[in-house]
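Trainee: just coords:
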């Protein structure tokens, strides 16, 4: 939906500045010596590249007509409720497309990854590699685990890291995503595993924050440093 809103803004600028002239005509008369014009063109071109996947989903003439009617006080061709419902449906369609795309990418990756030496796939679909085996106890779901971890997307983008914060994280195991709940119970204290967590065991179709998109697979490197019982922690408070 953010992309759709951005597209409307960009096309509004185009409409106000150049009307509905053909692109070739606009380009031939564009003087890029001005900083204002130069930055405007650069922004428009950059947004155009980012929004390229929407060009087949919108009728540009109708979009510009809507902008013109809104800016110049023209009568809307749709009732307010129709406009609202149409935009909601479009948003849902776009989100579904993103979810389907992310899940397809994840499924293809997991299928190939499962064939790699050292990768183990559990019944739930969770995949993991043992980087270093531990010698201590395994945690129970109600235990508080002490861990260092780094989380990335498939493209390598890091979205969270206790290493960067310079301090291990502590949390009750059964209060985190299902992939962690299952995965940490496989580990002994002192171990370091790499987990490949499909979206249904992570944040599902809703995603999380501004980085983790809906339906995305997550990769975590996790070190299990220690285990605490909730009663121990409560007594120290």
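Mentor: The structure has been received and is ready for your questions. Keep in mind it's a predicted model, so treat the numbers as computed, not measured.
Trainee: just the helices in this protein please.
Mentor: 2-18, 23-28, 35-50, 60-71, 80-113, 162-165, 178-184, 230-236 (DSSP state H).
Trainee: low pLDDT regions in this structure?
Mentor: Along the chain, the parts satisfying pLDDT under 70 run over 1-28, 47-48, 50-53, 60, 231-237.
Trainee: hmm, try it at 50
Mentor: 1-2, 4, 11-25 (pLDDT under 50).
Trainee: residue with max distance from the center of it?
Mentor: residue 29 (39.8 Å; C-alpha atoms, centre = their mean).
Trainee: what's the spacing between that residue and residue 190?
Mentor: 69 Å (C-beta to C-beta, to the nearest Å). To be clear about C-beta, it is placed using only N, CA and C from the backbone, and glycine gets the same treatment.
Trainee: cool, residue 225 as well?
Mentor: Noted for residue 225: a distance of 8 Å to residue 190, by C-beta to C-beta.
Trainee: more crowded one of the two?
Mentor: residue 225 (19 against 15; other C-beta atoms under 10 Å).
Trainee: quick one: contacts for the more buried one?
Mentor: Contact partners of residue 225, counting by C-beta atoms under 8 Å, 6 or more residues apart in numbering, are 146, 147, 148, 168, 189, 190.
Trainee: Serialize those to CSV and add fields for distance to residue 200.
Mentor: Shown next, in CSV, are the contacts of residue 225 (distance: C-beta to C-beta, whole Å):
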residue, distance to residue 200
146, 27
147, 22
148, 26
168, 28
189, 28
190, 30
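Trainee: just the buried residues from those, in PyMOL please.
Mentor: The PyMOL selection below is limited to those of the contacts of residue 225 classed as buried (16 or more other C-beta atoms under 10 Å):
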select buried, resi 146+147+148+189
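Trainee: the contacts of residue 225: which two are farthest apart?
Mentor: 168 and 190 (13.3 Å; C-beta to C-beta).
Trainee: so the lengthiest strand in the chain versus helix 80-113, what angle?
Mentor: Taking DSSP state E as the criterion, the chain has its longest strand at strand 218-228. Taking axes from the mean of the first three to the mean of the last three C-alpha atoms, to 10 degrees, strand 218-228 and helix 80-113 form an angle of 80 degrees between their directions.
Trainee: neighbouring strands - and their directions - for strand 218-228?
Mentor: Using DSSP bridges, the strands paired with strand 218-228 in its sheet are strand 144-152 (antiparallel), strand 192-197 (antiparallel).
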